[in-house]
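1. What shape does this take:
(one chain, ligands or ions: 1)
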Amino acid sequence: MENPNKKIIFSGIQPSGNLTLGNYLGALKNFSLLQDEYRCYYCVVDMHTLTVRQDPAALKERSYALLALYLACGIDPEKNVLFMQSHVPAHAELSWILGCYTYMGELNRMTQFKDKSKRHSDNINGGLYTYPVLMAADILLYQSDLVPIGQDQKQHLELARNVAERFNNIYGDTFKIPEPFIPKQGAKIMSLQEPDKKMSKSDTNANNFILINEERDIIMKKFKRAVTDSGNEIRFDEAEKPGISNLINIYSAVKGITREDTEREFAGLRYGDFKAAVGIAVADELAPIKEKYEEFLKNRDYLDRLLRQNAEIANGAASQTLRDVYEKVGFVQL
Ligand code: TRP
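-> Numbering: from 1, shown residues only. The predicted model follows:
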């Protein structure tokens, strides 16, 4: 029987593009380490992706791909709840309620909304505006204690906390107030060509990122091309040597060693040799994941079965919170 005292982690990832080495080293690689200590919900937030225009066939494909990738990274579907957001209607239902307790002034301040409105100026839709409310519903439905997020989502989590507190103040304790979760391990991986920017799947220059399912020779080529600096020392110094520092972070994260260990291992070597070694380490790390990923992805029946089971579990948990909310706001319960 599941230990009911385990803290709850909720993580949402959009199936809106390919995942990179940055996502892997920053999050996915470490997720499998959490599964015994925490109760983890991993949600493919397909509903959030509609805030920008999606090709339906591609969205479906990427949703399965994301699930396959979680599994390939060692996330055990028996120990974690892996599910699609759209399979749990309570997300949309709670989102409506929470929207009635969120001020337009709060939503107007969201920097991601402002950015995205600029980038998609032909499609500034209501969903883009209320996106953080749906995200709050995702988190609050499961009484989550902890939410792993990057810097760019901090403001959204803060909003979720504020709305939850507001609701609790009016109606009494209903929602757990979630905290950001910064994993003990987990590196911030920067772009290979512009190491002052985060590695991002939406970058237009493919040399900036490594995909999790990238071919070995492409990985080697991209690391060979990675920018370094005019010096020749393999030393960690983010201000002076951002490129080399990023490569040191990548190597250390892949090998599970400290930066100092990496510096020692490559002391006196040339940049070219170091870059080749990082390429090999990354390719070796990703090869078995790529293989498992492709195998899972082929097995649609298995994935569907798993989604069905996990949706049932998620629905069970979510409907308890939703029922409590409906009761508290005064909806007639049958
Ligand atoms: N907005 C998040 C992102 O783009 C995705 C997300 C949706 C999420 N719902 C969530 C993240 C709930 C954490 C918790 O990265």
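2. OK, now which residue of the protein is nearest to the ligand?
-> Ranking the residues of the chain by distance to the ligand (CB to the nearest ligand atom) places Gly12 first, at 2.7 Å. C-beta here means a position set from N, CA and C on the backbone, and glycine is covered the same way.
3. Who is that residue paired with across the strands?
-> Per DSSP bridges, the residues bridged to Gly12 are Cys43.
4. Got the confidence number for it?
-> Gly12 is assigned 95 on the pLDDT scale.
5. contacting residues for it?
-> Residues near Gly12 by CB atoms under 8 Å, 6 or more residues apart in numbering: Cys43, Val44, Val45, His48, Gln85, Met135, Asp138, Ile139.
6. State the distance from it to Met47.
-> Distance of Gly12 to Met47, computed by CB to CB, to the nearest Å: 10 Å.
7. quick one: common contacting residues for these two?
-> Counting by CB under 8 Å, 6+ apart, the residues touching both Gly12 and Met47 are Gln85.
8. right, and Asp76 touches Ser32 too?
-> Yes: the pair Asp76 / Ser32 is scored as a contact, 7.3 Å apart, by CB atoms under 8 Å.
9. What parts of the stretch 51-200 of the chain come near the ligand?
-> Met135, Asp138, Ile139, Val147, Ile149, Gln153, His156 (CB under 6 Å from any ligand atom).
10. Count the neighbours of the second one for me.
-> Put plainly, it is Asp138. Using other CB atoms under 10 Å, Asp138 has 27 neighbouring residues.
11. what does the host helix or strand of Cys40 rub up against?
-> Cys40 is located in strand 38-44, with elements delineated by DSSP states H and E. For strand 38-44, contacts defined as CB under 8 Å, 6+ apart pick out 2, 6-15, 31, 34, 63, 66-67, 70, 75, 79-85, 138, 142, 144, 146, 314, 317.
12. Okay, helices next: where are they in the stretch 101-250 of the chain?
-> 104-108, 111-119, 126-141, 154-171, 216-225, 242-255 (DSSP state H, counting those that start in this stretch).
13. mind listing what's buried in the fourth one?
-> Okay, so that is helix 154-171. Buried positions in helix 154-171, judged by neighbour count with 16 or more other CB atoms under 10 Å: Gln155, His156, Leu157, Leu159, Ala160, Arg161, Asn162, Val163, Ala164, Arg166, Phe167, Tyr171.
14. just the shortest one next, same as before
-> Residues of helix 104-108 classed as buried by neighbour count (16+ other CB under 10 Å): Glu106, Leu107.
15. what does stretch 83-90 give?
-> Phe83, Met84, Gln85, His87, Val88, Ala90.
16. Kindly report the same for stretch 91-108.
-> Within stretch 91-108, the residues that count as buried by 16+ other CB under 10 Å are His91, Glu93, Leu94, Ser95, Ile97, Leu98, Gly99, Tyr101, Thr102, Glu106, Leu107.
17. Repeat that for stretch 322-329.
-> Leu322, Asp324, Val325, Tyr326, Lys328.
18. and the helix or strand harbouring the third one, what's its mean pLDDT?
-> Assigned by DSSP H and E, Val325 falls within helix 300-329. For helix 300-329, mean pLDDT is 98.
19. who are the neighbours in contact with Ala276?
-> Counted by CB under 8 Å, 6+ apart, Ala276 has contacts Met220, Phe223, Lys224.
20. Quick check, pLDDT for the second one.
-> Looking at Phe223, its pLDDT stands at 98.
21. With neighbour numbers in mind, choose between Asp76 and Ser32.
-> Ser32 (16 against 13).
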